[in-house]
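> Fold the stuff below for me.
(chains A and B)
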Amino acid sequence: MRINNVGITPNQKIANPFKTSRNSTTNPFQNVNFEGNTLQFADVFEGFQPQKTSKLKMITSSVAGSMTKFRNSITEPIVNFVKRIGEGLSNAWTYAKNTNVSDLAGVKAINNAMSTDIVDIGKGISNSISGFGKGISEKLNTDISDIGKGLSKKMAFLNTDVTDIGKSLGLAEKWNSLISKIHSGNKITKDTSVEDLKAMWENEIKLAEEREAA
Amino acid sequence: MNKNVAEIIDALAAHQDNASIEVLEELGTNSPDNEVREYTSRALVRKNVHDSLKIVIVNQGKGINDLSPAVAMSTINEILSLKDKSEVIKILDDTINMHSDEAVRENARSVKSLLALS
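Coordinates of the predicted model:
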């Protein structure tokens, strides 16, 4: 479509559509259409009297228009996002509305703890301590028994060692000699019989040989 | 030396019977311990009887004839210490004149010489 087809030539002057005559009208916005609503203002040049239209109404209409434009310009994914958020909030609200607070896990545990009598708690602690004490007692008994057995074995070992040490030092011979003296009841004197002296001397020789062998 | 053995030897030395001399010879002079042999020999000399002096003068390896110089010298010193040397001289003379072993005779002769000088 060409401009010539419209019937307008480049040199042709087009009447200014906004040109108004002061004589014909005094309202410059008389012909301006705001979304189909004509401003209700009176002629500003003829004694301006502001209408008592509430500002709230004005704001509302303005916001409504802005929202309409915003809704048209918003992209689809964001809408979906908002919808999902809305659905999530709705589900959360439904869950919160239908769920008893006492049924929540943490609240349930707290309620159980709080509802337990202190005496019962004391019993539980007592049972625990008693069990612990029994465990210690059993352990101690077992350990002491084992320790006793171990000590008994050790003592036997020590006795064996002492015997060996006594043999090596000749203590056993001295002890036997002392015992033989006690049994004989005789002190070695000139009054001791030759037979007894001989027996004692032979015993000394035997002990000396054992000492040498050790 | 064991104190008990010393006491036993002293007790046997105090006895006057021949049984004590036999015990001293059997257990003392045949002891492997030099101290026991020395102590026993001195005990036999102190008895100053024929049977005890004969053991330490005539027998080979005992008394003055002991292989241990300490035992032999100790026995000789004990003989020299005797107040009554009559029995010792008699046995020494018999040993010098009649013993079959020359070493025993030589030892008896040396002891007799020492007695003469003392």
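> does residue B:10 really touch residue B:46, like I thought?
No - counting by CB atoms under 8 Å, residue B:10 does not reach residue B:46; the two are 9.6 Å apart. All C-beta spots, glycine's among them, are computed from the backbone N, C-alpha and C.
> Which parts of chain B are helices?
Remark: helices assigned in chain B by DSSP state H are B:3-14, B:18-23, B:34-47, B:50-58, B:69-80, B:86-98, B:102-117.
> So which of these has the densest surroundings on average?
Sort those by mean neighbour count, taking mean count of other CB atoms under 10 Å in any protein chain shown, and helix B:34-47 sits at the top with a mean of 23.
> Kindly calculate the angle that it makes with helix B:50-58.
130 degrees (axes from the mean of the first three to the mean of the last three CA atoms, to 10 degrees).
> which residues are contacting helix B:34-47?
The contact list for helix B:34-47 (CB atoms under 8 Å, 6 or more residues apart in numbering or on different chains) reads B:1, B:5-6, B:9-10, B:12-13, B:21, B:24-25, B:27-29, B:31, B:52-53, B:55-56, B:62-63, B:66, B:68, B:70-71, B:74-75, B:78-79, B:82, B:88.
> Quick check: mean pLDDT of it?
Throughout helix B:34-47, pLDDT has a mean value of 94.
> repeat for stretch A:90-99
Averaging pLDDT along stretch A:90-99 gives 72.
> Now for the nearest residue to residue B:15 once chain neighbours are set aside: which residues touch it?
Once flanking residues are discounted, residue B:15 sits nearest to residue A:194: 5.9 Å by CB to CB, 6 or more residues apart in numbering or on different chains. Going by CB under 8 Å, 6+ apart, residue A:194 touches B:12, B:15, B:17, B:19, B:20, B:23.
> Check residue B:9 too.
Residue B:9 touches B:24, B:28, B:36, B:39, B:40, B:43, counting by CB under 8 Å, 6+ apart.
> and which of those is nearest residue A:207?
Nearest to residue A:207 out of the contacts of residue B:9 is residue B:36 (CB to CB; 13.6 Å).
> Can you tell me how far that closest one is from residue B:102?
28 Å (CB to CB, to the nearest Å).
> Quick one: name the residues of chain A near chain B.
A:177, A:188-190, A:192, A:194, A:197-198, A:200-202, A:204-205, A:208 (CB under 8 Å from any CB of the partner chain).
> In helices, which of those fall?
Short answer: the residues of chain A next to chain B in helices (DSSP H) are A:177, A:194, A:197, A:198, A:200, A:201, A:202, A:204, A:205, A:208.
> what's the farthest-apart pair in those?
Farthest apart among those by CB to CB are A:194 and A:208. That separation is 20.5 Å.
> Nearest to chain A: which residue in chain B?
residue B:14 (3.3 Å; CB to the nearest CB).
> and chain B, which of its residues are near chain A?
Counting by CB under 8 Å from any CB, chain B sits next to chain A at B:2, B:4-5, B:7-8, B:10-12, B:14-15, B:17, B:19-20, B:23, B:27, B:31, B:33.
> what pLDDT does residue A:208 get?
At residue A:208, pLDDT is 84.
> Distance-wise, check it relative to residue B:1.
10 Å.
> Check residue B:53 too.
For residue B:53, the distance to residue B:1 - CB to CB - is 23 Å.
> Check residue B:48 too.
Counting by CB to CB, the gap from residue B:48 to residue B:1 is 23 Å.
> Which one's more surrounded, those two?
In this view residue B:48 and residue B:1 are compared by other CB atoms under 10 Å in any protein chain shown, and residue B:48 has more residues nearby, 17 against 13.
> isn't the more buried one right next to residue B:89, touching?
No - applying CB under 8 Å, one finds residue B:48 not in contact with residue B:89, separated by 11.9 Å.
> possible to save the contacts of residue B:9 as a markdown table with distance to residue B:118?
Shown next, in a markdown table, are those (distance: CB to CB, whole Å):
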| residue | distance to residue B:118 |
| --- | --- |
| B:24 | 25 |
| B:28 | 26 |
| B:36 | 27 |
| B:39 | 22 |
| B:40 | 23 |
| B:43 | 21 |
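> What is the nearest of those to residue A:61?
Closest to residue A:61, out of all of the contacts of residue B:9 and judged by CB to CB, is residue B:36, at 145.5 Å.
> and the nearest residue to residue B:67 once chain neighbours are set aside, how far is that from residue B:72?
Distances taken as CB to CB, 6+ apart place residue B:61 nearest to residue B:67, at 6.2 Å, with adjacent residues excluded. Using CB to CB, one gets 10 Å for the distance from residue B:61 to residue B:72.
> In terms of pLDDT, where does residue A:214 sit?
At residue A:214, the predicted lDDT confidence score is 83.
> Actually, residue A:157.
55.
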